[in-house]
Every structure is written in C-alpha cells, then in structure tokens.
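Asker: Sequence first, predicted coordinates after that:
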Amino acid sequence: MKQVKEIVALIKDAGTFTTFGYKTDEFEIEISVGAPTTIAPVTYVPPVATVTPSVAVTPQSSGVSLSISASERVIASPMIGTFYRRPSPSSPPFVEVGDSVTPTTDLCIVEVMKLPNTIPAECTGTVTRILVEDGATIEVGQPLMVIEVD
C-alpha cells in the first residue's frame with residue numbers, strides 16, 4: 001500500500017503526461033491517458049530561469065554563483081532525482097559542450113524512483129556549460145546546463 005501511495009504522489013506531481021510507468025521487483029503499473037501510444041519515458045517541461053545581464057543564479061545544492069549573459073538560458077531540474085547525461089551506460093551522452101540544440105533536443109535524464117524523465121532543451125542554441133556530473137543527485141530548480149540562445 002505504501003508503494004501505491006508513492007505512485008499516486010508521483011502522478012500528482014507529474015503534471016501533464018500521456019503515459020506513466022512504474023516497475024519494481026514486486027509489481028509493475030502502467031497508466032495511459034488518451035489514445036494508445038508507444039511506451040516512452042515521461043517527458044517533463046523543466047522550469048527555465050529568466051535572467052537579465054549581470055545577474056547571478058545560485059544553484060540550491062552547491063551554493064556556487066552562476067553568472068550568465070542575457071543571451072544564455074539556464075536549464076534547471078524540474079524535480080529531485082539522479083542526473084544522467086546518457087540514455088544508457090554504454091551510449092554516448094545526449095549532448096556535449098559546443099553541440100547545437102533545438103527545442104526538442106533531449107539534454108539529459110532525471111531519474112526519480114527508477115522512472116527516467118527526459119529533459120528537452122526547449123530553445124534553439126548551443127550548449128555552453130554542463131554544470132552537473134553524470135550520476136549526481138540533484139534538487140528541484142538546480143541548474144543543469146547553460147545554452148547560448150540563437
């Protein structure tokens with residue numbers, strides 16, 4: 001019952017989604033909303049910090065100031081979880097510093113309770129900084145990457 005309550009809490013916090021899946025050694029649950037679709041990880045829309053020139057953003061977990069220009073955009077984590085730069089351990093990273101991205105480019109995964117959530121760029125530009133180490137535990141609102149917007 002405790003696991004069911006945790007799942008209900010995850011669904012409430014998930015916002016808009018079409019498919020939700022959760023699997024443990026003991027059970028598996030999948031919830032689909034709307035027309036049938038192929039099974040894919042839930043994609044969350046991350047909050048994005050809007051910053052004016054000469055403003056410093058302070059990541060919640062590290063306490064380090066992050067200075068960005070007016071043409072840069074911070075991609076922040078929408079949830080607490082584990083940060084992964086690649087879809088699987090044997091795959092190359094989603095993006096590297098210097099890579100061009102579009103709004104639909106997947107930047108990373110934030111895993112919460114074994115549920116992978118892909119984080120899209122949501123803007124067109126170039127990745128200038130990756131602020132988190134692969135496999136690190138992250139907090140809500142923590143800056144993950146910086147993109148120089150085109």
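Answerer: Structure received.
Asker: CA atoms for contacts and neighbours, from now on please.
Answerer: Noted.
Asker: where does this protein dip in pLDDT?
Answerer: In the predicted model of the chain, residues 1, 4, 11-20, 22, 26-27, 29, 31-65 satisfy pLDDT under 70.
Asker: is it true that Thr137 touches Tyr84?
Answerer: No - counting by C-alpha atoms under 8 Å, Thr137 stays clear of Tyr84, with 9.5 Å between them.
Asker: okay, these two: which has more neighbours?
Answerer: Ranked by neighbour count (other C-alpha atoms under 10 Å), Thr137 and Tyr84 place Tyr84 first, with 24 against 15.
Asker: Stretch 107-124: end-to-end distance?
Answerer: 12 Å (C-alpha to C-alpha, to the nearest Å).
Asker: what about the strands in this structure?
Answerer: Assigned by DSSP state E, the strands in the chain fall at 19-23, 28-32, 42-43, 48-49, 55-57, 66-68, 72-76, 81-84, 100-101, 106-112, 115-120, 125-130, 137-138, 143-149.
Asker: Of all these, which one comes closest to Phe94?
Answerer: strand 106-112 (5.5 Å; C-alpha to C-alpha).
Asker: That closest one: which residues count as buried?
Answerer: Buried residues in strand 106-112, defined by neighbour count with 16 or more other C-alpha atoms under 10 Å: 106-111.
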